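Enquirer: Just need the structure, nothing else, for what follows:
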Amino acid sequence: MISPDYCVMMARYNAWQNKQMQAALQILPPDALTQERGAFFGSILKTVNHLLWGDRMWMARFDRGAKPNGGVSDSVICTPTLAVWGSERFRTDGRILRWAEQVRSVDLVGDLRWYSGIKQADVTMPMGLCVAHMFNHQTHHRGQVHAMLTAAGGQGWVTDLFLMPQDGPRP
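Expert: Here you go, the predicted structure:
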């Protein structure tokens, strides 16, 4: 389904997108980040927090490292400010890239098993599907943030994968 090269490319894309998103969000007034906007998680800050939490949860399953505190309902409050989010995002993007650079083809086959707090049940899914889902989840929520940002009068950022710099950026 997917390859180690795909994982590295998408980890780089994720870091590039998050860096651009952070720059775009830093221009907004702080209250614009916390204003309820009718999105699934409400505000821009809550949505980027959920995205950070989700990436940490998936990475805990993939690399068996630390998982985030709380469940999905707590995901929207994992950082209190954009500045704290930015530093945590940088560290998490580094974790994703390090994992992607070490993953082997054999690591992407077979099943991943975990207990899902959302489903309240054990889940077994193909590893490749889970990795693809993590990268898709990132893109989905950044799209929501992009829409909320531009609706708030902010400037969007370039999201086209083919425009990603080939020599960077790296977290």
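Enquirer: Tell me how many other residues surround Q144.
Expert: Residues lying near Q144 (other Cβ atoms under 10 Å) number 18. Quick note: C-beta positions are derived from backbone N, CA and C, even for glycine.
Enquirer: what's it in contact with, if anything?
Expert: A39, F40, F41, T47 (Cβ atoms under 8 Å, 6 or more residues apart in numbering).
Enquirer: By neighbour count, which of those wins?
Expert: Most neighbours among these, by other Cβ under 10 Å: T47, with 22 neighbours.
Enquirer: quick one: the helices in this protein?
Expert: Assigned by DSSP state H, the helices in the chain fall at 4-26, 30-34, 44-63, 82-102, 127-151.
Enquirer: Let me have the ones you listed in CSV, extended by mean pLDDT and distance to G70.
Expert: Shown next, in CSV, are the helices of the chain (pLDDT from 0 to 100; distance: least, Cβ to Cβ, whole Å):
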stretch, mean pLDDT, distance to G70
helix 4-26, 97, 21
helix 30-34, 95, 19
helix 44-63, 97, 8
helix 82-102, 98, 14
helix 127-151, 97, 18
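Enquirer: With respect to Q166, which of those helices lies nearest?
Expert: The closest of those to Q166 is helix 4-26. By Cβ to Cβ, the value is 9.1 Å.
Enquirer: follow-up on the earlier one: can you say which of the helices of the chain is packed in most?
Expert: helix 44-63 (a mean of 22; mean count of other Cβ atoms under 10 Å).
Enquirer: Now for the contacts of Q144: which two are most distant?
Expert: F40 and T47 (7.6 Å).
Enquirer: which one among the contacts of Q144 gets closest to M10?
Expert: For those, the minimum distance to M10 (Cβ to Cβ) is 19.8 Å, reached by T47.
Enquirer: tell me the contacts of that closest one?
Expert: T47 touches A39, F40, F41, V76, H141, Q144, V145, M148, counting by Cβ under 8 Å, 6+ apart.
Enquirer: so which two of those are the farthest from each other?
Expert: V76 and M148 (13.7 Å).
Enquirer: Which single one of the contacts of Q144 is nearest to G71?
Expert: G71 lies nearest to F41 out of the contacts of Q144, by Cβ to Cβ, at 13.8 Å.
Enquirer: Nearest residue to that closest one in space, please, no chain neighbours.
Expert: T47 (4.5 Å; Cβ to Cβ, 6 or more residues apart in numbering).
Enquirer: just G154 next, same as before
Expert: L28 (5.2 Å).
Enquirer: Distance check, that neighbour against M148.
Expert: Noted for L28: a distance of 10 Å to M148, by Cβ to Cβ, to the nearest Å.
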